[in-house]
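Visitor: Pasting the sequence and the predicted coordinates here, then a few questions.
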Amino acid sequence: MATKLTWDDLLIQNISESDARTWLGYWAGMVGGRVAPVFMSKFGDWFLRRPDGGTDELSVIEGTYSRVASTPEEFASLVNTQDWQEKHLLSFQVAQLHERGTIPGPGQCYAFAPHPAFSGRIDIERVMLMDIGVWQHICAQVFASTGSEGKTSHEHDRMNTGEHPLREWLKFKTSIDDAEAAMRAEVEKFSVQMSPTWLSRWESFRAQLQPSDELWYYEHFPRPLSGGAGYCIIRQGVIIASITTRRA
């Protein structure tokens, strides 16, 4: 039976002012101005409210800082969707960890050893429980040492906002059969499952393909934990649809 998660399973809430000041202080090179924590993911990613009502995400896993919603209402709407939870809260991985009995206690979060910046991917086999403040400090040091702290990723934003890939990211022309065979191989290799939400998006994408269209595989990983890969439909030389199948 699938694990049913609650908000307490997915979020770190009610962060004290003193903890927020200390932990965000580690990210001073990336987070500037007035912010108020809305919550953290169980992996330590921050969601911060700005005075203008917008919400920003500080990802301690990817080392990126970007706006995710312009108003509190838009943010609340996004948070309540399964797709957003899978992308930003790693809800699928949280469910897997709960099934294994790996559940953070008070003051704890999920952490990785080594950090995904070094391993190059999210791997629950590398997950451990850690004090939240310690994990924040480690992540900030990781990106300070790699020179990534303080950078925002246009490629990361592009993957999350639904923009089509750039033409220079296109690698080769393929077919639906070959694309689905490649995805099945990845599922078997990494022992993961495709969510019903994603499968529905794939079917919608697939339905747009016409006989005269071309299906292309694209890939763009400019640095560790940035970018992604997937497929796009080209019609009369124009990209008219795209879908991301893999993120850094």
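Guide: On my side now, so go ahead.
Visitor: would residue 179 count as being in a strand?
Guide: No. Applying DSSP: H, G, I helix; E, B strand; the rest coil, one finds residue 179 to be helix, outside a strand.
Visitor: Tell me how far the closest residue to it other than its chain neighbours lies from residue 82.
Guide: Of all residues not flanking residue 179 in the chain, residue 231 sits nearest, at 5.6 Å (CB to CB, 6 or more residues apart in numbering). C-beta coordinates here come from the backbone N, C-alpha and C atoms, glycine included. Separation of residue 231 from residue 82 (CB to CB, to the nearest Å): 22 Å.
Visitor: And those two? Which one has more around it.
Guide: Higher neighbour count among residue 231 and residue 82: residue 231, with 23 against 13, using other CB atoms under 10 Å.
Visitor: The strand or helix carrying the more buried one pairs with which strands, and in what direction?
Guide: Following DSSP states H and E, one finds residue 231 within strand 226-235. Pairing partners of strand 226-235, with direction, according to DSSP bridges: strand 214-223 (antiparallel), strand 238-247 (antiparallel).
Visitor: distance between that strand and the chain's centre?
Guide: Its chain's C-alpha centre and that of strand 226-235 lie 16 Å apart, by CA atoms, centre = their mean, to the nearest Å.
Visitor: heads up, I number from 19, so please use that
Guide: Happy to do that; since the first residue is 19 now, the last one works out to strand 244-253.
Visitor: and for that strand, what are the contacting residues?
Guide: By CB atoms under 8 Å, 6 or more residues apart in numbering, the surrounding residues in contact with strand 244-253 are 80, 82, 171, 173-174, 177, 182-183, 188, 192, 197, 223, 226-228, 230-239, 257-266.
Visitor: What ranges does this protein have for its helices?
Guide: Remark: helices assigned in the chain by DSSP state H are 25-28, 35-43, 90-97, 100-106, 109-117, 134-137, 150-164, 172-179, 194-208, 214-225.
Visitor: okay if I get the ones you listed as TSV plus mean pLDDT and distance to residue 49?
Guide: Supplementary listing: the helices of the chain in TSV, determined by pLDDT from 0 to 100; distance: least, CB to CB, whole Å:
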stretch	mean pLDDT	distance to residue 49
helix 25-28	96	22
helix 35-43	93	6
helix 90-97	95	17
helix 100-106	92	17
helix 109-117	93	24
helix 134-137	83	18
helix 150-164	86	10
helix 172-179	48	16
helix 194-208	81	32
helix 214-225	83	30
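Visitor: about what we covered before: can you give me the buried ones in the strand holding residue 249?
Guide: By 16 or more other CB atoms under 10 Å, the buried positions in strand 244-253 come out as 244, 245, 246, 247, 248, 249, 250, 251, 252.
Visitor: And stretch 93-112, by the same measure?
Guide: Quick answer for stretch 93-112 (16+ other CB under 10 Å): 93, 96-97, 102-112.
Visitor: among the residues you listed, which two are most distant?
Guide: Spatial extent of the buried residues of stretch 93-112 (CB to CB) is set by the pair 93 and 111 at 21.8 Å.
Visitor: of the buried residues of stretch 93-112, closest to residue 141?
Guide: For these, the nearest to residue 141 is residue 111 (9.4 Å; CB to CB).
Visitor: Contacts only, for the nearest residue to the closest one once chain neighbours are set aside.
Guide: Distances taken as CB to CB, 6+ apart put residue 142 closest to residue 111, at 5.4 Å, once the chain neighbours are dropped. The contact partners of residue 142, by CB under 8 Å, 6+ apart, come to 111, 114, 115.
Visitor: Closest one of those to residue 24?
Guide: residue 115 (14.3 Å).
Visitor: re earlier: is it possible to get the buried residues of strand 244-253 out as a markdown table so that each row also shows distance to residue 73 and pLDDT?
Guide: Below are the buried residues of strand 244-253 laid out as a markdown table (distance: CB to CB, whole Å; pLDDT from 0 to 100):
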| residue | distance to residue 73 | pLDDT |
| --- | --- | --- |
| 244 | 21 | 65 |
| 245 | 23 | 73 |
| 246 | 22 | 78 |
| 247 | 27 | 85 |
| 248 | 26 | 89 |
| 249 | 30 | 93 |
| 250 | 29 | 94 |
| 251 | 32 | 94 |
| 252 | 34 | 93 |
